[in-house]
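> just the structure for this:
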Amino acid sequence: MAMTQSTLVMATPTTESLSEYLSTFYGLHGSFEMLPGELDTNVRVTTTDGAKFLLRLHAPEAGSIEVDLQAEVLQFLQRTVPELAVQRIVPSLSGEMLPVATGADGELRQLRLSTWLEGNVWATLISNEAGQRARSAASLGRALALLDRSLEHFEHVGADRAHRWDLARAADHLDLVASIDDPEKRAMARVVLNRFVNEIAPRLADRPRQVIHNDANDHNVLLGA
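Residues are numbered from 1 along each chain as shown. Predicted coordinates:
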């Protein structure tokens with residue numbers, strides 16, 4: 001997806017600039033709360049009528065194919081498993097999924113507005129009670145199974161990539177084992193990775209592959225959504 005969509009000069013995301021993006025691209029008005037993010041700028045939007053959304057300003061270094069992959073996955077899931085509790089992309093006034101803003105430095109940043117999922121981050125809420133943990137883990141397993149099974153036929157040019165979270169590329173991390181300070185953990189990591197290289201990797205060469213959610217850790221999962 002080339003960045004040829006409608007643009008808006010983009011400054012540092014102050015409240016004023018966020019208000020302009022929201023109004024110009026989506027016809028909405030409201031308040032903002034900055035949220036954490038590894039690369040992208042994430043903002044919780046609460047509109048004047050109380051509706052909540054997530055506004056993501058993709059990092060300038062995020063490639064357009066990568067960003068389009070993320071958007072296409074969400075749209076694919078919306079079409080195929082609408083009952084799944086994942087965000088839904090809100091198109092711009094002109095129907096764009098990823099309108100583009102141009103920064104003051106000339107960098108392009110794609111915007112994505114999506115629905116807000118209510119819930120609590122797993123890491124802050126999960127009980128130590130064994131029964132509840134087991135039930136929550138089972139619920140998460142069912143959700144991930146449905147999500148990943150639904151993506152069996154999802155295809156996108158951006159999915160054919162090298163990614164550090166790809167378990168099939170675990171051998172790439174062998175050189176990093178020496179950076180582990182604890183001798184016992186370092187030895188354990190080396191054993192596991194060497195076993196992968198010698199026993200597992202050769203068996204994967206002719207196995208089917210597909211897109212999955214491979215980062216459902218306790219800070220990426222909401223309970224009660």
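> ok, and what's touching stretch 23-30?
Residues outside stretch 23-30 that contact it (C-beta atoms under 8 Å, 6 or more residues apart in numbering) are 6, 8, 19, 22, 45-48, 51, 53, 90, 92-93, 96, 99, 111, 113. (C-beta placed from N, C-alpha, C; glycine too.)
> ok, now how distant is the nearest residue to N120 once chain neighbours are set aside from A143?
In space, and not counting its chain neighbours, N120 is closest to L223: 5.3 Å by C-beta to C-beta, 6 or more residues apart in numbering. Going from L223 to A143 by C-beta to C-beta, to the nearest Å gives 11 Å.
> just K185 next, same as before
Taking C-beta to C-beta, one finds K185 at 31 Å from A143.
> where do the helices sit along the protein?
For the chain, the helices defined by DSSP state H occupy 15-26, 64-80, 122-125, 130-150, 183-195, 201-204.
> hmm, back to that, can you select the buried ones from the contacts of stretch 23-30 in PyMOL?
The PyMOL command for the buried members of the contacts of stretch 23-30 (criterion: 16 or more other C-beta atoms under 10 Å) is given here:
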select buried, resi 19+22+45+53+90+92+99+111+113
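> before we move on, back to that, which one of K185 and A143 has more residues nearby?
Comparing K185 with A143 by other C-beta atoms under 10 Å, the one with more neighbours is A143, at 17 against 11.
> need the pLDDT of the nearest residue to T80 once chain neighbours are set aside.
Among residues not flanking T80 along the chain, S150 sits closest, at 5.2 Å (C-beta to C-beta, 6+ apart). For S150, the model assigns a pLDDT of 96.
> list the contacts for S150?
76-77, 80-81, 84.
> how about 7 Å then?
The neighbours of S150, taking C-beta atoms under 7 Å, 6 or more residues apart in numbering as the test, are 77, 80-81.
> next one: L174
L193.
> please identify the residue most distant from the middle of the chain.
P183 (33.8 Å; C-alpha atoms, centre = their mean).
> can you give me the distance of that residue to A189?
From P183 across to A189, the span is 11 Å (C-beta to C-beta).
> same check on D206?
27 Å.
> so V221 makes contact with T124?
No - if you go by C-beta atoms under 7 Å, V221 and T124 don't touch, sitting 11.0 Å apart.
> these two: who's more crowded?
V221 (21 against 9).
> got a list of what that one touches?
By C-beta under 7 Å, 6+ apart, the neighbours of V221 are 122, 140.
> distance of E96 from G106?
21 Å.
> grab the most central residue of the protein for me.
Q70 (6.9 Å).
> one step back: and the residue nearest to T80, how far is that from L84?
7 Å.
> touching both of those two, which residues are there?
With C-beta under 7 Å, 6+ apart, S150 and L84 have common neighbours L77.
> pLDDT at Y21, what is it?
So Y21 comes in at 90 (pLDDT).
> thought it was touching T102?
No - here Y21 lies out of contact with T102, judged by C-beta under 7 Å, at a distance of 11.6 Å.
> joint contacts of the two?
Counting by C-beta under 7 Å, 6+ apart, nothing touches both Y21 and T102.
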